[in-house]
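Novice: Output the structure for:
(chains A and B, ligands or ions: 1)
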Amino acid sequence: MTQAFRIENGGLINRDKKLSFKFNGKTYFGYEGDTLASALLANGVHLVGRSFKYHRPRGFFGAGVDEPYAVVQLFRNGETEPNIKATEQELFEGLEAKSVNCWPSVNFDIGAINNFLKIFLPAGFYYKTFMWPKSFWYRIYEPFIRKAAGLGVASTKHDKERYEHKYEYCDLLIAGSGPSGLAGAYAAAKNGAKVILAEDKPRFGGSLLTSDVNIGNKSGKDWAEGIIAELKTMPNVVVKNRSQIFGYYDHNMLVMSEKVSDHLPSTKKYQPNKRLWYIRAKEVLISSGSIERPIVFGNNDTPGVMLSSAAKEYLKVYGVLVGRKPLVFTNNDSGYETAIEFKKHGVDPVVLDSRKNPDSEIIDEAKNLGINIKNSHVVVAAQGYKKVKSAEIASISKDKKQLGKIENIQCDCICVSGFWTPTIHLASQSGNKTKFKEEIDAFVPGQSKQNEITLGAANGVFSLEETLKTSFTAGGELSKKITENDNEIAIPNVVEKKFSQHDKFWCVPLPKGKNYKRFLDFQNDVAVSDIEIALREGYRSIEHVKRYTTLGMATDQGKTSNLNGLQLVSEIENKVVPAVGHTTFRPPYTPVSIGAIVGREVGKHSKPTRKSPMHSWHEKNNAVFVDAGVWLRPRYYKRGNENLFEGSKREAKNVRTNVGVCDVTTLGKIDIKGPDAAELLNRVYTNAWLKLPVGKARYGVMLREDGIVMDDGTTTRISENHYHMTTTTAQAANVLSHLEYYLQLVWPELNVNVVSTTEQWAGAAIAGPKSRDLLQKLFPNYDLSNEGLPFMGYMEGDLFGVKARIFRISFSGELAYEVNVESDYGNFMWEKIMEVGEEFNIQPYGTEALSTLRIEMGHVAGSELDGRTIPYDNALEGLVSKNKDFIGKRSLLRSAFTAEDRQRIVGVVPLDKKTSIPEGSHLVKDDKAQLPNPKLGHISASCWSVEHDNPFSLAILKDGKNMIGEKLFAMSPLKNKVIPVEIVSSHYVDPKGERVRS
Amino acid sequence: MLYINCPHCGMRSQNEFSYGGDASVKRPELNKEVSDQEWDNFVYNRKSLRGKHLELWQHISGCRQWIKVERDTATHEIFRTFKADEEVA
Ligand SMILES: [Zn+2]
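Specialist: Numbering: from 1, shown residues only, chains lettered A, B, ... in the order given. Take a look at the predicted model:
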């Protein structure tokens, strides 16, 4: 394949490095420095896709971020990514891309039948059509919309690429490396400010790369290169290409996506694919430039119709001719720059200028070159289906309402220039209220909202001289405020051509008897007629018109279509454009990969994995782990082919008959110290705490101010002014914040300090009838008898030379202890317990057995303390003191909380004593009742009772107190189960609680 | 992302803080008779102001201090910050 449209010389590509690539299965060649778009155009490929709604052929419209057409499915290193703009994707060896939204192929697309039936798809088509009947949704409408919707296809595979996040701070952040960005950066850098200069393209320089200007006796391009080279040597400056600042957030925080590897065949080792920068800048200089806007005419979506600036860029940067018979259609002087560039390369363009008698330096130059210029002329319609073949042109009256006689003119591309739209997205995102600037028919930033300033073309200033002057000054002033340096910069001499006034003209009228589609939004196929329909149907707000017609809602977010849409609405509504207003600019400015937003927080990295000091022992002993919040805890220790049910049953049984040991390190622990510690506990817990002796533990329940149980746990008085509080694993952080809140804000007079010690202690719960015998062997020199260490007692001990805390507390309902040692000795403690426990038939037990033991004892846990229950509901009202005030007490007087038939915890046993009841099942009186079946309660936790050898569940049941002995049904529509059950006491084992005291 | 001046630590990003609601709410004193209405106002009823709002934040990944932040709920502008025990004039 030859690159037939590549000129001999010129451009900024590296002609020494030829690259091969594939598009729709066919192999082509391009050069290093090409984009996929420029390489395809060099090969004469203009048909790249199909439009969203009518599947009309699509080519290239722009040369960069504003591209509405050329989105492709990219294949790189075994991965695929949808909706990549061919105009932004840099070419690399072996690149593969495919067209999107076409089937079976881009050349023959069945969906294009929509094009010929387009009368059926006007604005609001989806809203109007897919309404009734309801039954059609599931079978017909949804599958149709799903098939028709979207452009590319996301990969369903795991993304192998890495993405990074980076936080950065700087004095001055500069968005865009065109003339104003370079001047601002240079002046600020010279004042010693910490500067970040971001450019979304691979090459720095912005418009200077393609404009015919002279700065300080150098070409614009050479001047830009010089500045960049100098900035790169300065230690206080970071210059980043391929980096798009896409969002301006609160308090001068901007986010930038850096494409680190997209231009390479594969990502290098230790490099990310993309890097997301969160930049907190003291000052922001927005130099994002402007985007050329099109003029609307018939069939203006035909491949070969493109922005005149894009044609110039393809020629000057990539050495590619977008056509050999170009027609330039303009309402301002910019079109002439493109025409002159064609002429310089031996191609004869025809210029149609909508103005009557334009006169300027550049027009004279064009005339002198012998370019054919037709004033007061417009393109009425492009002709050709997959590529422009000719154009219907005509003269136009001064009021732009009447067309003259239509002529046909041969051409292979139409380069359009409808003047320039400042890129105000970042300024607008910062909260800046933009204003309409009549002279340029576009919005520009108004009063700065945050610490931002917009300069150059982005601010509607198109004179290079003025741009440089204001930008050097702004860079100097902004940095001076921060660094207090004031280096004078000599502003270089500028040679540029003066432009004459553009024509306030944006849409060519339809000739009589013709009904050409005139498109505003090229990706979403929104035509002039669609906007007309929307307005006729009563849509007035521009935000509603946008959503009804989908104008500006495609992946290009209307960068080339919004203003023309506004002009149309203002014309039909007979309002001025600022009265119509523009739609809100929201981040991101361009699509950002989800991977980049997620960064490294994927899979196991999405949150830290916390492991107890005994983790490796558990691993070596066949523990099957379960996620408990951020912790990994053994669920059960697998023996042979045991499953979870068998293993946990064995472990629980062994606790009831011998002794077991469970890793309880994850329990939250808070150290509480100070003379008012008891007073704090007394206010935080519902029960009394002032008289707890040293060396004693007490179980407590704490409420939120709304009366709902927040957490429970035991707190032990270690010494006079020192307490050790335990919380549930899940609530540990919240409880600490809760205590800090009251100590710092509500009762600052209390002299108490709290600190988390969860990580400082490793904990082992030793439970079962033989636990005392085992403990006595672990601590042979201590009196651990029922008198020496009674239930809820505490003592300090020496575990083979390691300081230990021994608590006689029980969650399992058996005689039980909890031993704590400093975390570093956790494994030592565990191994000693296992070693000494061997003669007592000790077995480790996991969370599943732990649950079984607590459920059949009727001890509440997270599934009952679920943020919806009060103490009474959990049968904990005995712990609610009547004699003192505490957090949340007043709320317990609410009528719902004191109702006679208030919900309460009960036990539930299936009548057949065989069928396990799924957690979450509803309890109902009549399983055949009409839906929705009145719910009396729900199953909060289920287990297999090892004591009774049948299923047992806990439930929170309405009027639970009076329901014991009742027969109900447990229904789980999810599991499709209906189980007849009997309501029993929640204390299914040892209801008098004798074992823990034995 | 907000940039909050912790009176103890200095300027820190919002992701180090957790929000704590209206700072003007006063908890009724312990052991004091409180009417249903007063208690409801304390527990549930908030003004949800548009504009200047004094609110609580905790510097949870920093010094763990609760602080008061005077912020505009519409523009997110932060005017002043205070320590927990500082009187707001
Ligand atoms: Zn702090």
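
Novice: and the closest residue to A:Asn654 other than its chain neighbours, what does it touch?
Specialist: Once flanking residues are discounted, A:Asn654 sits nearest to A:Gln843: 4.5 Å by CB to CB, 6 or more residues apart in numbering or on different chains. The way it works is simple: take the backbone N, C-alpha and C, and place the C-beta from them, glycine included. Shown in contact with A:Gln843 (CB atoms under 8 Å, 6 or more residues apart in numbering or on different chains): A:Tyr637, A:Arg650, A:Glu651, A:Asn654, A:Asn658, A:Gly660, A:Val661.

Novice: Give me the local confidence score for A:Gln843.
Specialist: Per-residue pLDDT puts A:Gln843 at 98.

Novice: quick check, nearest of the contacts of A:Gln843 to chain B?
Specialist: A:Val661 (34.1 Å; CB to the nearest CB).

Novice: pLDDT below threshold where in the stretch 1-150 of chain A?
Specialist: For the stretch 1-150 of chain A, applying pLDDT under 70 flags the ranges A:1, A:101-150.

Novice: For it, just list every one of the strands.
Specialist: Under the criterion DSSP state E, counting those that start in this stretch, the stretch 1-150 of chain A carries strands at the ranges A:14-23, A:26-32, A:49-50, A:57-58, A:71-76, A:79-85, A:95-99.

Novice: Now do the SS call for the most centrally placed residue in chain B.
Specialist: Centrality entry for chain B: nearest residue to the mean C-alpha point is B:Leu56, 1.7 Å, by CA atoms, centre = their mean. With DSSP: H, G, I helix; E, B strand; the rest coil as the basis, B:Leu56 sits in strand.

Novice: show me the contacts for the closest residue to A:Arg997 other than its chain neighbours.
Specialist: Nearest non-adjacent residue to A:Arg997, counting by CB to CB, 6+ apart: A:Phe791, 4.7 Å away. With contact set as CB under 8 Å, 6+ apart, A:Phe791 has these partners: A:Arg808, A:Ser810, A:Val996, A:Arg997.

Novice: so can I have TSV of these showing distance to the ion, pLDDT and secondary structure?
Specialist: Listed next are the contacts of A:Phe791 as TSV, based on distance: CB to the ion, whole Å; pLDDT from 0 to 100; DSSP: H, G, I helix; E, B strand; the rest coil:
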residue	distance to the ion	pLDDT	secondary structure
A:Arg808	40	98	coil
A:Ser810	40	95	coil
A:Val996	44	91	helix
A:Arg997	47	92	helix
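
Novice: Would you mind giving these as CSV with neighbour count added?
Specialist: CSV is the format used below for the contacts of A:Phe791 (neighbours: other CB atoms under 10 Å in any protein chain shown):
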residue, neighbour count
A:Arg808, 25
A:Ser810, 25
A:Val996, 19
A:Arg997, 13
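
Novice: Let's see stretch A:769-786 as PDB, backbone CA atoms only.
Specialist: Output in PDB follows, covering the C-alpha atoms of stretch A:769-786 (Å, rounded to 0.1, in the frame of the first residue of the first chain):
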ATOM      1  CA  PRO A 769     -15.600 -27.200  79.800                       C
ATOM      2  CA  LYS A 770     -11.900 -28.000  79.800                       C
ATOM      3  CA  SER A 771     -10.700 -24.400  79.400                       C
ATOM      4  CA  ARG A 772      -9.900 -23.900  83.000                       C
ATOM      5  CA  ASP A 773      -7.700 -27.000  83.100                       C
ATOM      6  CA  LEU A 774      -5.900 -25.800  80.000                       C
ATOM      7  CA  LEU A 775      -5.500 -22.300  81.400                       C
ATOM      8  CA  GLN A 776      -4.100 -23.600  84.700                       C
ATOM      9  CA  LYS A 777      -1.400 -25.400  82.700                       C
ATOM     10  CA  LEU A 778      -0.600 -22.200  80.800                       C
ATOM     11  CA  PHE A 779      -0.400 -20.200  84.000                       C
ATOM     12  CA  PRO A 780       0.600 -22.700  86.600                       C
ATOM     13  CA  ASN A 781       1.600 -20.100  89.200                       C
ATOM     14  CA  TYR A 782      -1.800 -18.400  89.300                       C
ATOM     15  CA  ASP A 783      -5.000 -19.200  91.100                       C
ATOM     16  CA  LEU A 784      -7.500 -19.700  88.300                       C
ATOM     17  CA  SER A 785     -10.200 -21.400  90.300                       C
ATOM     18  CA  ASN A 786     -13.800 -20.100  90.200                       C
END
